[in-house]
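Q: below: sequence and its predicted model.
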Amino acid sequence: MTYQDSLVVDAVSHAYNLGPSNWRNKLGEILSRALMEQTQGLYNREDSKPPRERYFGDVTAEDLSGLYFQESDVDFTVYHAVGIFGWHNQGMSPLPKGLKLRDMHPDRVAVYGCVDPLDRDALDEMERQVNELGVDGMKFYPASYRNEQYHRIAFNDGKTGQKFLDKAVDLGVSNVAVHKVIPLVSTPTEMVQVEDIDEVAPSYPELNFEIVHAGFSFLEDSLYLISSHPNVYANLEATHGLMYSDPHYFGESMGKMIKWAGPDKLLMATGTLSHPQAVVEDFWDYQIPDELQSKHNLPAITDEMKKKILGRNAARVLGKDPDKLQKKLGDHPAPTPDERPQPWSSFSIKEPAAGD
Amino acid sequence: MAASPSREAVYACLSEVMDPCSCKTEEPVNIVDLGLVEDVTIEDGAVTVRLLLTSNVCMYFVEMSEEIIERVEAVGGVSSVDVSQETEKVWTPSRMADEKRRSREERFRNRMEREGIVPYTERSES
């Protein structure tokens, strides 16, 4: 089932485990509770907020299967494992759940693995994830939190991140997604700056770099990157939420990214912080206000651009032909809008957290 | 009874509090110019400052709160200072002072011009 005859790819899905069993420390609790609150106002319209009792706990592969492929017109999704272990025991979005989702839907799910580059065996683990688990890309975070300190992971630094780019090339991995822009808890902002990607992108033409959260804030840095490097893309996870929290700034951000880099460089993604069907519908209906277009000389977002941003670009980044993928997935039976389950009803009820 | 502190005096103190994250960039910005001060209420000497941080899971809230309290408590007429955090909104650059925004935009334009990068919409092949 496609929406407006458009291939729809959610370029980031997560199976968060925000529940107390996964909190390693107070920061883990703070981050988990904050993300839960954000789903209630910042990332969803009123009628698509996830019920707390279904979201604030261990989200499963089965939950995601229902959300994406029964409740939504999403054709394909890219599961990003979250390899932050300083605050959560299993990381916030464990890799095994993504692998299970892919096993359930081998034609409709890609998985990005994740390692903490400061772990002693991180390179070996990356190799295992690629060679044994068949991950389709890698997701990195810009800092590691351990021993109550933040340690920067930079991709222009031979000691921390860059050797993982070399490893990706050696293993034949094409896609590297990097969380940038948004500091998590007290991660220093300098650690989410994007300058390291600017330096290394030309040296790795065989890699596609996704700047995750590009356009969310301090837009100019991301604009420069996606405009000047053919292999750098804006992954719009969290930025997508500006449609609800600040639609005016969303228009400015999207308009400037299209103006400077072109519509082929943007990948729509929800991070499963939003109901994907709502995002698809609302983005399709969204237009940059006329006064913004005039003020900043921005292009209107055409239907063709929307189709690219909603899925065709992500398919190409994954090395897939969008037309062939759409044709292939069009044969998948899916509920019609009238038959569709209620939003979030696919998520099972989770145990209440302490203090709720 | 001491006169109630003025909003101007309180905001002058808040303008001396630098955003910790921006201090690590080329252009440090105070919390007022960065748009982090959501509102200030003053009632019978009790001052409440509500902040909207660039990330609402930012732990620098604690550090900023302490500095805000220390500075604002020194204003004549202030009996107490409380700092809280807005959690139902998200900070965006549109909240920055116009001068700071213009400065960032100018640096961006200069950089693009220096690098010879033409907007996609102006390229002949687009």
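A: Arrived safely. Because the structure is predicted, anything quoted here is derived from the model rather than measured. Numbers count the residues shown, from 1 in each chain, chains lettered A, B, ... in the order given.
Q: going forward, measure contacts between C-alpha atoms and count neighbours the same way
A: OK.
Q: pull the number of nearby residues for residue B:40.
A: Here the count is done by other Cα atoms under 10 Å in any protein chain shown, and residue B:40 has 15 residues near it.
Q: just residue A:4 next, same as before
A: Other residues within reach of residue A:4 by the criterion other Cα under 10 Å amount to 13.
Q: the residue in the stretch 201-350 of chain A positioned nearest to chain B: helix or strand, and which one exactly?
A: Sorted by distance to chain B under Cα to the nearest Cα, the residues of the stretch 201-350 of chain A start with residue A:260, at 4.0 Å. Under DSSP states H and E, the secondary-structure element containing residue A:260 is helix A:247-261.
Q: in three-state terms, label the residue of chain A positioned farthest from its centre for me.
A: Of all residues in chain A, residue A:294 sits farthest from the chain's C-alpha centroid, using Cα atoms, centre = their mean; the distance is 30.8 Å. Assigned state for residue A:294: helix (three-state reduction, DSSP: H, G, I helix; E, B strand; the rest coil).
Q: what ranges do the helices span in chain B?
A: Using DSSP state H, the helices assigned to chain B run over residues B:7-14, B:60-73, B:98-115.
Q: need those in JSON lines with mean neighbour count and mean pLDDT, can you?
A: Shown next, in JSON lines, are the helices of chain B (neighbours: other Cα atoms under 10 Å in any protein chain shown; pLDDT from 0 to 100):
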{"stretch": "helix B:7-14", "mean neighbour count": "16", "mean pLDDT": "94"}
{"stretch": "helix B:60-73", "mean neighbour count": "17", "mean pLDDT": "85"}
{"stretch": "helix B:98-115", "mean neighbour count": "14", "mean pLDDT": "87"}
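Q: could these go into TSV alongside distance to chain A?
A: Written out in TSV, the entries for these read as follows (distance: least, Cα to the nearest Cα, whole Å):
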stretch	distance to chain A
helix B:7-14	21
helix B:60-73	6
helix B:98-115	6
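Q: quick one, which of these is nearest to residue A:22?
A: If you check each of the helices of chain B against residue A:22 by Cα to Cα, helix B:60-73 wins as the nearest, at 23.6 Å.
Q: can you name every helix or strand that that closest one contacts?
A: Judged by 3 or more Cα pairs under 8 Å, 6 or more residues apart in numbering or on different chains; DSSP states H and E, the packing partners of helix B:60-73 are helix B:7-14, strand B:80-85.
Q: rewinding a little: my guess is the residue of the stretch 201-350 of chain A closest to chain B meets residue B:123, correct?
A: No: no contact is recorded between residue A:260 and residue B:123 when judged using Cα atoms under 8 Å, the distance being 9.7 Å.
Q: so which of the helices and strands packed on helix B:60-73 gets nearest residue A:173?
A: Across the helices and strands packed on helix B:60-73, the minimum distance to residue A:173, taken as Cα to Cα, is reached by strand B:80-85, at 42.1 Å.
Q: using PDB, write out every CA atom in the closest one.
A: Taking Å, rounded to 0.1, in the frame of the first residue of the first chain, the C-alpha atoms of strand B:80-85 are listed here in PDB:
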ATOM      1  CA  SER B  80      14.000  34.500  46.500                       C
ATOM      2  CA  VAL B  81      14.900  33.100  43.100                       C
ATOM      3  CA  ASP B  82      13.500  30.000  41.500                       C
ATOM      4  CA  VAL B  83      14.500  28.500  38.200                       C
ATOM      5  CA  SER B  84      12.400  26.000  36.300                       C
ATOM      6  CA  GLN B  85      12.500  24.500  32.800                       C
END
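Q: identify the residue spatially nearest to the residue of chain B found nearest chain A, adjacent ones excluded.
A: Closest approach between chain B and chain A, counting by Cα to the nearest Cα: residue B:119, at 4.0 Å. Leaving out its chain neighbours, the residue that sits closest to residue B:119 by Cα to Cα, 6 or more residues apart in numbering or on different chains is residue A:260, at 4.0 Å.
Q: what's around the one you found, how many residues?
A: For residue A:260, the neighbour count with other Cα under 10 Å is 22.
Q: give the contact list for it.
A: A:223, A:227, B:118, B:119, B:120, B:121 (Cα atoms under 8 Å, 6 or more residues apart in numbering or on different chains).
Q: try 7 Å
A: Residue A:260 makes contact with A:223, A:227, B:119, B:120, B:121, according to Cα atoms under 7 Å, 6 or more residues apart in numbering or on different chains.
Q: what strand or helix carries the first one?
A: Residue A:223 is located in helix A:219-228, with elements delineated by DSSP H and E.
Q: give me the angle between that helix and helix A:247-261.
A: Using axes from the mean of the first three to the mean of the last three Cα atoms, to 10 degrees, the inter-axis angle of helix A:219-228 relative to helix A:247-261 is 30 degrees.
Q: hmm, who's touching helix A:219-228?
A: Counting contacts by Cα under 7 Å, 6+ apart, the residues outside helix A:219-228 that touch it are A:194, A:198, A:214-215, A:232-234, A:253, A:257, A:260-261, A:265, B:108, B:117.
Q: and that helix, average pLDDT?
A: When pLDDT is averaged along helix A:219-228, the result is 89.
Q: how far does that helix sit from its chain's centre?
A: In terms of Cα atoms, centre = their mean, to the nearest Å, the centre of helix A:219-228 is set 18 Å apart from its chain centre.
Q: what's downstream of that helix, the next helix or strand?
A: From helix A:219-228 onward toward the C-terminus, using DSSP H and E, the following helix or strand is strand A:232-235.
Q: ok, back up a step: so which of the helices of chain B gets nearest residue A:94?
A: Go through those one by one with Cα to Cα and the one that ends up closest to residue A:94 is helix B:60-73, at 27.7 Å.
Q: quick one: the closest one to strand B:80-85, angle?
A: Computed by the same axes, to 10 degrees, the angle separating helix B:60-73 from strand B:80-85 equals 150 degrees.
Q: next, the angle from helix B:60-73 to helix B:7-14.
A: 130 degrees.
Q: please name the residues that touch the residue nearest in space to the middle of chain B.
A: In chain B, the centroid-proximal residue (Cα atoms, centre = their mean) is residue B:31; its distance is 2.6 Å. When contacts are counted by Cα under 7 Å, 6+ apart, residue B:31 touches B:14, B:15, B:17, B:18, B:19, B:37.
Q: switch the cut-off to 6 Å
A: B:18, B:19 (Cα atoms under 6 Å, 6 or more residues apart in numbering or on different chains).
Q: kindly report the same for the one 5 residues further on.
A: Applying Cα under 6 Å, 6+ apart, one finds that residue B:36 lies in contact with B:51, B:52, B:53.
Q: in space, what's closest to it - neighbours in sequence excluded?
A: Counting by Cα to Cα, 6+ apart, residue B:52 is the residue found nearest to residue B:36 once chain neighbours are left out, at 4.9 Å.
Q: that neighbour against residue B:83, yeah?
A: No: with contacts defined as Cα atoms under 6 Å, residue B:52 does not count as touching residue B:83, sitting 10.9 Å away.
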